[in-house]
Each structure stands twice: as structure tokens, then as C-alpha cells.
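K.L.:
Turn this into a structure:
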Amino acid sequence: MGFITLKPGTMLAPTPVVMVTCASEAAAPNIITLAWVGTVCSEPPMLSVSVRPHRHSYEIIRDSGEFAVNLVSRDLVKATDLCGVKSGRDGDKFALCGLTPLPLEELRFAPGIAESPAVLACRVEREVPLGSHSMFVAHILGVHVREDLADEGGKVDFGRAGLVAYSHGEYAGLSRPLGFFGFSVARPEILRRRMGKK
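P.N.:
Next comes the predicted model:
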């Protein structure tokens, strides 16, 4: 099968879709929906979010030096979309979407979203202006996961969270796991235990 050639563009898909919460001394808590996000380092744990400088949240994150990344479940898709098309300059998005601010001990200003399956509290390490977006590289200071998603040993099962991804203008629910890291070389008993394969 052949390929067609397109002009350079953001064709990476799917990407995570998250709701980033922020606040500052001068600004009330706000929510911005982002799909330009990603893990950038594991030791120390770090991630990045890219925000257009004209967005309301950009100045808030820049001023406070902190934000929280809230994972999105199927139950939060409508709120996620609404937070992406409405501006926090025009009103309180927590109230608009019926969401509950979650105080985060690691952050001074930014709350999380209590309805999210998991919340990552982040402190900005640096800002990198890139063009249409400016990237905030941040340390992950704390991770808060809904109790029902973790077992007694603290192992998290995100398969039960109903997480959502973003693919070129559409939200998509994630399917059942198709494998796990190392499954291609795993012994049969490991495959049976982890994947229920015979």
C-alpha cells in the first residue's frame, strides 16, 4: 500500500487530553483543556504542557509557577470540551461544569479537580517559547489517585478509570489493554496472569 505526502503538521495521534487547573495570587482558579502534553523525564518525574500565550491560563501559570494536570475519564468528556471552548476570562469554569476544586498540599494556589481519576501537582521548572505555543516544563511534586483505582499495595489500575484520548479533533475512549511493557517476551504464565491468555 502506498502513502500520500502531506505538509508538515501535528499528526501525532492519539495524544492525552487533560484538564489543567491553575490559579495565582491575583487570579481565581481556572481550567484549560490541553492535548499538547507529555512526559519528559522519569527521574526526576517531569512533564510538559504547551499553552498558547493568548490563553487566559497562560499568564496565570506564568505568574504562579504552578499548575495541576487532571486526567480525563469518559464522565468528564463534556466538561473537558466545555473548558476548551470557553474562556476563564468570562466566568468560573468550575461552577459552569459542576466540578469541585480539590486542594493540593504541594501547591500554593492551583487546585485539582475532585472528579478526575488522577491529579498531578506540578511546579514549573522553565518556560520554552516555541512559536504558536509556549511550553512549560514542570516537576511533578505529587500524584493523587482516586481510591477505587488502587489496590491495597498501591498499584493503580487505570484500565478501570475509563480514560480518554484526543485524536485530531475527536475524543476517544481507550480500549481494554492490548498488552503490557515486555509482553512480547513474557513467559506463558505471566501472560495468563496479566492478560488472561491461555
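K.L.:
Report pLDDT for Val49.
P.N.:
At Val49, the model reports a pLDDT of 98.
K.L.:
Apart from its neighbours in sequence, what residue is nearest it?
P.N.:
Spatially, and ignoring its direct neighbours in sequence, Val49 is nearest to Val37 (4.9 Å; C-beta to C-beta, 6 or more residues apart in numbering). Every residue, glycine included, has its C-beta placed from N, CA and C.
K.L.:
ok, that neighbour touching Met46?
P.N.:
No - between Val37 and Met46 there is no contact, the gap being 11.8 Å when judged by C-beta atoms under 8 Å.
K.L.:
Which of these two has more residues huddled nearby?
P.N.:
Each of Val37 and Met46 has its neighbours counted (other C-beta atoms under 10 Å); Val37 has more, 20 against 16.
K.L.:
Just the pLDDT for the more buried one.
P.N.:
Model confidence at Val37 (pLDDT) stands at 97.
K.L.:
go on, Ala110?
P.N.:
According to the model, Ala110 scores 98 on pLDDT.
K.L.:
Backbone dihedrals for Asp148, please?
P.N.:
For Asp148, the backbone dihedrals (degrees, to the nearest 10) come out as phi -70, psi -10.
K.L.:
Same check on Leu47?
P.N.:
According to degrees, to the nearest 10, the main-chain angles of Leu47 amount to phi -140, psi 170.
K.L.:
Let the chain start at 600 from now.
P.N.:
Sure thing, new numbering starts at 600, so read that last one as Leu646.
K.L.:
what's the burial count for it?
P.N.:
19.
K.L.:
What sits closest to it if chain neighbours are left out?
P.N.:
Excluding the flanking residues, the one nearest Leu646 by C-beta to C-beta, 6+ apart is Thr638, at 5.4 Å.
K.L.:
Now do the strands in the chain.
P.N.:
Counting by DSSP state E, residue ranges of the strands within the chain are 614-615, 617-621, 629-633, 636-640, 645-650, 665-670, 700-701, 711-712, 717-728, 733-744, 763-766, 769-772.
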